[in-house]
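K.L.:
Sequence and computational prediction follow.
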Number of protein chains: 2
Amino acid sequence: MFLTKGSEYGIKAAIFIASKSAEGHRVNVNEIAAAINSPIAYTAKIMQKLVKGNIIESTRGAQGGFEMIPEKIKGINLFQIIKSIDGNEIEKKCVLGLDRCSSANPCPFHHKYISIRENTITSLKNTNIDELATRLDNKFSVLIN
Amino acid sequence: MFLTKGSEYGIKAAIFIASKSAEGHRVNVNEIAAAINSPIAYTAKIMQKLVKGNIIESTRGAQGGFEMIPEKIKGINLFQIIKSIDGNEIEKKCVLGLDRCSSANPCPFHHKYISIRENTITSLKNTNIDELATRLDNKFSVLIN
DNA sequence: TTAAATTCGGACTTTATTATCCTAAATCTT
DNA sequence: AAGATTTAGGATAATAAAGTCCGAATTTAA
């Protein structure tokens, strides 16, 4: 009802990578897919988007894989991840699907929906990966069940 | 990013039907599809769900069509419409796709997401069809552009 | 009472999303 | 340098969502 499969995987993967990177470990796509219970090849595609979006770094070859620069972890939030994967539809698409919906020419739900969307985006921006990875490390949450 | 096509059509159709019903007019699926710019046959399916969900009334045969009981219009909100069409995933599905995600065994985003979801659902429940239909009647909004 | 108009509901088709497969390119190890 | 490991990226396949078609049932009107 809200995130695409790609974003679900992307967020979970970022949390896992952040957690491992904090311990100084690089992880490959097989490890990521196992950790978040996702299809390997599809997960690889999502990782490419996170690399392009500057969320994670990749290294090819033996002992390669993905990591997050520790200093960057606090600076990465869920909104950035979703945008890297799904683009900026979340910000701009009309909730009722009108091609050109704006405050000047709005759909009937426009005004009320704006505040729902702002609230949602603000929360996504206020939720960083460090916070979620810490919660996972402390066993206060799980990536699989 | 948020509503299914079905819900988009359902909400727009409900607004249109409410507007027409307030003037004492019943409308058929061709008129609805034209008013909201949706595929006719698919719209018919959505209308069936709104009928089953007690949002609108249907009458078969010549001069038949769909209408909303005027006294009911103020009592119908967007949350009810979405539930009639998409079921209750909006309330219960884990934002990160875990099969069993709960406050006792949460995904990493669970706690923060709960408040986003509550805010959203509250807004949907606080937005009734009467309000949106009035906005349309006053030409403060459009169903098509 | 027959014909026309309309919703109902099942089966089917199309399109978009999700997922897989395969080869190339890069890097590490020996 | 050769072979193993790993990401990159394009092409293809499977599944789910969106959309279509058609006959049956119901109602109105002539």
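P.N.:
Nice, thanks for sending it over. Numbering: from 1, shown residues only, chains lettered A, B, ... in the order given.
K.L.:
What helices and strands are in contact with the helix or strand bottoming out on mean pLDDT in chain A?
P.N.:
The weakest-scoring helix or strand in chain A, judged by mean pLDDT, DSSP states H and E, is helix A:89-92 (a mean of 92). Packing partners of helix A:89-92 (3 or more C-beta pairs under 8 Å, 6 or more residues apart in numbering or on different chains; DSSP states H and E): helix A:78-86, helix A:110-125. For the C-beta atoms, the positions are set from N, CA and C on the backbone; glycine is no exception.
K.L.:
With mean pLDDT as added columns, please give the ones you listed in JSON lines.
P.N.:
Below are the helices and strands packed on helix A:89-92 laid out as JSON lines (pLDDT from 0 to 100):
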{"stretch": "helix A:78-86", "mean pLDDT": "98"}
{"stretch": "helix A:110-125", "mean pLDDT": "97"}
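K.L.:
Contact partners for A:Ile55?
P.N.:
A:Ala14, A:Met68, A:Ile76, A:Gln80, A:Ile81, A:Ser84 (C-beta atoms under 8 Å, 6 or more residues apart in numbering or on different chains).
K.L.:
farthest-separated two in the residues you listed?
P.N.:
Pairwise distances across these peak at 13.0 Å for A:Met68 and A:Ser84 (criterion: C-beta to C-beta).
K.L.:
In the lengthiest helix in chain A, which residues are buried?
P.N.:
Across chain A, the helix with the greatest residue count (assigned by DSSP state H) is helix A:5-22. Neighbour counts over helix A:5-22 (16 or more other C-beta atoms under 10 Å in any protein chain shown) mark A:6-21 as buried.
K.L.:
right, is that helix up against DNA strand D?
P.N.:
No. Contact of helix A:5-22 with DNA strand D is not found when judged by C-beta under 7 Å from any atom of the strand; the minimum separation is 9.4 Å.
K.L.:
immediately after that helix, which helix or strand?
P.N.:
Counting by DSSP states H and E, the element after helix A:5-22 in chain order, helix or strand, is helix A:29-36.
K.L.:
Pull out the buried residues from that following helix.
P.N.:
Here helix A:29-36 shows A:Val29, A:Glu31, A:Ile32, A:Ala33, A:Ala35, A:Ile36 as buried, counting by 16+ other C-beta under 10 Å.
K.L.:
give the contact list for the nearest residue to A:Glu31 once chain neighbours are set aside.
P.N.:
Distances taken as C-beta to C-beta, 6 or more residues apart in numbering or on different chains put A:Gly65 closest to A:Glu31, at 7.5 Å, once the chain neighbours are dropped. Contacts for A:Gly65 (C-beta under 8 Å, 6+ apart) come out as A:Arg26, A:Val27, A:Asn28, A:Val29, A:Glu31, A:Ser58, A:Thr59.
K.L.:
before we move on, back to that, let's see if you can find the most crowded of the contacts of A:Ile55.
P.N.:
Within the contacts of A:Ile55, neighbour counts (other C-beta atoms under 10 Å in any protein chain shown) peak at A:Ala14, which reaches 28 neighbours.
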